[in-house]
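S.K.: the following block contains a protein sequence and its predicted model.
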Amino acid sequence: MSDSLSSTHAPTRRRFPYSIRIEPRLKEPPRWYPFAISIGAIVLALMAGGVIIFLAGGDPLRSYVHIAKASFGSLGVFSDTIVKATPLILVGLACAIAFRMRLWNIGAEGQFFLGAFGASAVVLTPLLPPDTSPWIFIPAMMLAGILAGALWGFIPGYLKARFNVNEIISTLMMNYIAVAWNNFFIYAVWSEGGFQMSHVFPKSAWLPRLADYAKEIPIFRGLTTHLGLLMGLGAAVVVWFVLYRSRWGYEIRLIGDNPNAARYAGLNITRNVVLVMMFSGALAGLAGMSEITGVVHRLQGSISPGYGFTGIIIAWLAKLNPFAVVLVSVFFGALILAGREIQPSGIPKMIQGIILVCLIASDFLLRYRIRIVRQAEEA
Amino acid sequence: MNFVIILQAGVASGTALLFATLGELLAERSGVLNLGVEGMMLIGAVSAYSIALATGDPWIGVLVAMLVAGIFSQIHAFIAITLQADQVVSGLALTFLGAGVSVVLGEGLSKAGAVSLLPSFSIPLLSQIPILGPIFFMDQSVMVYLGYLLMPLTWYYLNRTRPGMHLRAVGEQPAAADSLGINVYALRYFYVFIGGILAGLAGATISLAISPGWFSELTTAGQGWIAIGLVIFAQWDPIRAAVGSYAFGALRRLVLDIQGPTMLLGLRNPFYYNPYLGFFLQMLPYAFTIIVLVIGSREAVRKRLGAPAALGLPFIRGERGL
């Protein structure tokens, strides 16, 4: 209306010949397209993070170069990156399988803590004597970590299935409870000499590291990568198999895509809610076990820089694909590893937040396309 | 251990929860689920504290906190309303972002020194009422009194005014509201903004009045999430939200105070003689949130009440939907 008016009054003024139109996508975009969008989102996020670092008085380019060097610069630091990526792979998978059923397990952090507690209980209670063979010790600790994590997933899963309790809130509350639970044992029960940590685990309860084999293979000297990595990779295969090659996985995907259709098809949604929450908790619990036996070697308070929450971002960035989770975890492992030295200390967390914001916003481009049209064409 | 003092402090501590809960309630009644409350509260708390420190005037801190958190909430509004993305993930992203940004902004702030706080005062006459007077009207922060005003106002606005009716319509039947000429998008943006403002106010209330200071993410310690839980417990009703908020405030306070006395109900107080049991007390507010959710969900089924019908669903104009 106003356009036509202005053109009659000022016929010489020309309108800008292009305009932007947003249209829903009718066809599936090509396969590379979602990847390109995700990478674009990350680049945008890093740029936005750079602006904030700049405003805070830092040098964004040097910060990023520093992150890259401190995490991929040599075999030694790359091994450290992998160590950070190991728990991330497991919690990322934990989130991915739950999210696939549109079950919002935000409690991987708490399940991680409980997994660490379960594994520690085997050593510290002690359920097994300290001179037990590693061949018994490590499987027993894995089992304990998995069970403890699964229990922590069972509680919100059962509450969701039985009472329709919102799992976002309940899993998050379980996180705080898990931290307090661990603290009780760290301060009161297993405290060593009044310090807020347990005694160091016996060597037979440590996950083997690459460095342990430096005598046979010299290149492994000083490499910290531990057996937990194999657990993570194995878990990725298991999760992929369950999701895409098993009947249960089909049920999970069907319930996630269309719960009503699943209900009419006679699938037991309640049971699946509980089982998937337990599976998810078990994976996060295994992450806690791997971290406590592969890296920390004792139970203490600060065992996680928010792995469980980073797992949410990883699962989303990997589009819930188990193998993509592994790759994305390495990226975030680098961010967490190098981020420890960057001041102010909140920057890695902030960048993670910006990445998730950009990522969720970029999903729009998968459903809509933006066309630049010439005005004449439109008319 | 004096129960009047605990309840008095509980009302104060519940006030921050009340603001956050009412804000989330309004956003959800308009159909937008915003899980970013915790992040917005942190942003509010850090802005309020640092601005009050810089200007010496806590009121400027409060205003800036409300404005900053309100603007911050618009990130979620844009992603959820305009880009029609998944509101759960978008809200989580907002919380992560808010936590990260506030930790960056608050670097070194915890050692920054004393800041002038919001004033506290007693209401004459009303504070003379036995028991209730001291609990609600004696020596409370000005924010507590603001909470008393806000609660009935919100109820009245929501249930008895025309804009309140539009708000509910947009959350229940956006397509119908749209056909009557109500701008669904604009209203949803607006109420997400209000939710952000109130979350910022809640953050400022914590850092400038109730437990003054900036303690990084421990400043809010999950209260934003408890607020979201309380909205469900409250069945989206402001009065129930207020009752829940004050009850939780009292519980948080009780957990602190119960460790003080040597005797408890005529028995030796286990929490005094074994301070480590305090960790189990710390779990209580979070465990209670879960219990409250069980109660709220059961009641919703029985009374056939429930969430606003369009909660969490994007509205796409011209498409068939609700």
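M.R.: All right, it came through fine. Residues are numbered from 1 along each chain as shown, chains lettered A, B, ... in the order given.
S.K.: just for the chain, where's the confidence low?
M.R.: Picked chain A for this. Counting by pLDDT under 70, chain A shows low-confidence ranges at A:1-15, A:343-344, A:375-379.
S.K.: my question was about chain B
M.R.: Along chain B, the parts satisfying pLDDT under 70 run over B:1, B:112, B:304-305, B:320-322.
S.K.: what about the strands in it?
M.R.: With DSSP state E, the ranges of strands along chain B come out as B:120-121, B:140-141, B:263-264, B:267-268.
S.K.: what's the closest of those to B:Met40?
M.R.: Shortest distance between B:Met40 and the strands of chain B, using CB to CB, is found for strand B:140-141: 20.6 Å. C-beta here means a position set from N, CA and C on the backbone, and glycine is covered the same way.
S.K.: direction included, what does the closest one pair against?
M.R.: strand B:120-121 (antiparallel) (DSSP bridges).
S.K.: nearest to B:Leu150, out of the strands of chain B?
M.R.: Nearest of the strands of chain B to B:Leu150, taken as CB to CB: strand B:140-141 at 13.8 Å.
S.K.: distance from the chain centre to the closest one, please.
M.R.: Computed by CA atoms, centre = their mean, to the nearest Å, the chain-centroid distance of strand B:140-141 equals 17 Å.
S.K.: contacts for that strand, please.
M.R.: Identification of contacts with strand B:140-141 by CB atoms under 8 Å, 6 or more residues apart in numbering or on different chains yields B:8, B:11-12, B:15, B:118-122, B:205, B:209-210.
S.K.: from these, which single one is nearest chain A?
M.R.: Nearest to chain A among the contacts of strand B:140-141 is B:Ile210, at 19.0 Å by CB to the nearest CB.
S.K.: OK, contacts around A:Gln52?
M.R.: Check again: residue A:52 is Ile, not Gln. Contacts of A:Ile52 (CB under 8 Å, 6+ apart): A:350, A:354, B:101, B:104.
S.K.: let's verify it: helix, strand, or coil?
M.R.: Classification of A:Ile52 by DSSP: H, G, I helix; E, B strand; the rest coil places it in helix.
S.K.: hmm, back to that, let me have the strands of chain B in JSON lines, extended by distance to A:Arg162 and mean neighbour count.
M.R.: Below are the strands of chain B laid out as JSON lines (distance: least, CB to CB, whole Å; neighbours: other CB atoms under 10 Å in any protein chain shown):
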{"stretch": "strand B:120-121", "distance to A:Arg162": "45", "mean neighbour count": "14"}
{"stretch": "strand B:140-141", "distance to A:Arg162": "41", "mean neighbour count": "22"}
{"stretch": "strand B:263-264", "distance to A:Arg162": "34", "mean neighbour count": "12"}
{"stretch": "strand B:267-268", "distance to A:Arg162": "35", "mean neighbour count": "8"}
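S.K.: now render these as a markdown table, adding distance to B:Phe19.
M.R.: Shown next, in a markdown table, are the strands of chain B (distance: least, CB to CB, whole Å):
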| stretch | distance to B:Phe19 |
| --- | --- |
| strand B:120-121 | 17 |
| strand B:140-141 | 12 |
| strand B:263-264 | 33 |
| strand B:267-268 | 38 |
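S.K.: next one: stretch B:285-293 to chain centre, how far?
M.R.: That offset, for stretch B:285-293, works out to 16 Å (CA atoms, centre = their mean).
S.K.: related to what we said a few turns ago, just the ones of the contacts of A:Ile52 in helices?
M.R.: Among the contacts of A:Ile52, the members found in helices (DSSP state H) are A:350, A:354, B:101, B:104.
S.K.: count the residues that sit near the closest residue to B:Ala247 other than its chain neighbours.
M.R.: Counting by CB to CB, 6 or more residues apart in numbering or on different chains, B:Gly14 is the residue found nearest to B:Ala247 once chain neighbours are left out, at 7.2 Å. Residues lying near B:Gly14 (other CB atoms under 10 Å in any protein chain shown) number 29.
S.K.: residues contacting B:Gly14?
M.R.: Per CB under 8 Å, 6+ apart, neighbours of B:Gly14: B:245-250, B:252.
S.K.: B:Arg317 reaches B:Asp178, doesn't it?
M.R.: Yes. At 6.4 Å, B:Arg317 counts as touching B:Asp178 under the criterion of CB atoms under 8 Å.
S.K.: so for the two, which sits in the more crowded spot?
M.R.: The residue with more neighbours, out of B:Arg317 and B:Asp178, is B:Asp178; 18 against 11, by other CB under 10 Å.
S.K.: for B:Ser216, see how far away that one is.
M.R.: 43 Å (CB to CB, to the nearest Å).
S.K.: cool, and A:Phe72?
M.R.: On the measure of CB to CB, A:Phe72 and B:Ser216 end up 30 Å apart.
S.K.: which of the ones in helices among the contacts of A:Ile52 count as buried?
M.R.: A:350, A:354, B:101, B:104 (16 or more other CB atoms under 10 Å in any protein chain shown).
S.K.: excluding its backbone neighbours, what's nearest B:Met138?
M.R.: B:Ser127 (4.3 Å).
S.K.: tell me, how many neighbours does that neighbour end up with?
M.R.: B:Ser127 has 17 neighbouring residues, counting by other CB under 10 Å.
S.K.: for A:Leu26, same thing?
M.R.: Around A:Leu26 there are 6 residues (other CB under 10 Å).
S.K.: let me know the secondary structure of it.
M.R.: Going by three-state DSSP: A:Leu26 is coil.
S.K.: so who does it touch?
M.R.: For A:Leu26, the contact set (CB under 8 Å, 6+ apart) is empty.
S.K.: what about it, distance to chain B?
M.R.: A:Leu26 is 14 Å from chain B, where distance means CB to the nearest CB, to the nearest Å.
S.K.: that older thread, can you list the contacts of B:Gly14 in TSV and add neighbour count and distance to A:Phe332?
M.R.: Below are these laid out as TSV (neighbours: other CB atoms under 10 Å in any protein chain shown; distance: CB to CB, whole Å):
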residue	neighbour count	distance to A:Phe332
B:Ser245	30	36
B:Tyr246	24	41
B:Ala247	17	39
B:Phe248	26	34
B:Gly249	26	37
B:Ala250	21	40
B:Arg252	22	34
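S.K.: now, which of those residues lie within helices?
M.R.: Short answer: the contacts of B:Gly14 in helices (DSSP H) are B:245-250, B:252.
S.K.: ok, of the ones in helices among the contacts of A:Ile52, which one's closest to B:Thr154?
M.R.: Lowest distance from B:Thr154 to those (CB to CB) belongs to B:Val101, with 28.4 Å.
S.K.: can you tell me the closest non-neighbouring residue to residue 314?
M.R.: All of this is about chain A. That would be A:Gly92: by CB to CB, 6+ apart, it lies 3.7 Å from A:Ile314.
S.K.: actually it's chain B I care about, not the one you picked
M.R.: Nearest to B:Pro314 is B:Gln84, by CB to CB, 6+ apart, at 3.7 Å.
S.K.: please name the residues that touch that neighbour.
M.R.: A:364, A:367, B:314, B:316.
S.K.: from those, keep the buried residues only.
M.R.: Counted by 16+ other CB under 10 Å, these give A:364, B:314 as buried.
S.K.: from the contacts of B:Gln84, pick the one nearest A:Val238.
M.R.: Using CB to CB, A:Arg367 comes nearest to A:Val238 of those, at 31.5 Å.
S.K.: residues near the closest residue to that closest one other than its chain neighbours, how many?
M.R.: Nearest residue to A:Arg367, sequence neighbours excluded (CB to CB, 6+ apart): A:Arg25, at 5.9 Å. Residues within reach of A:Arg25, counting by other CB under 10 Å, total 12.
S.K.: A:Arg25 contacts A:Arg369, correct?
M.R.: Yes. Assessed by CB under 8 Å, A:Arg25 is found in contact with A:Arg369 at 5.4 Å.
S.K.: does anything pack onto the helix or strand hosting A:Gly92? Which helices or strands?
M.R.: In the assignment (DSSP states H and E), A:Gly92 maps to helix A:75-100. Identification of packing neighbours for helix A:75-100 by 3 or more CB pairs under 8 Å, 6 or more residues apart in numbering or on different chains; DSSP states H and E yields helix A:60-72, helix A:108-124, helix A:228-245, helix A:247-257, helix A:269-291, helix A:307-317, helix A:322-339.
S.K.: fine by me, we can end here.
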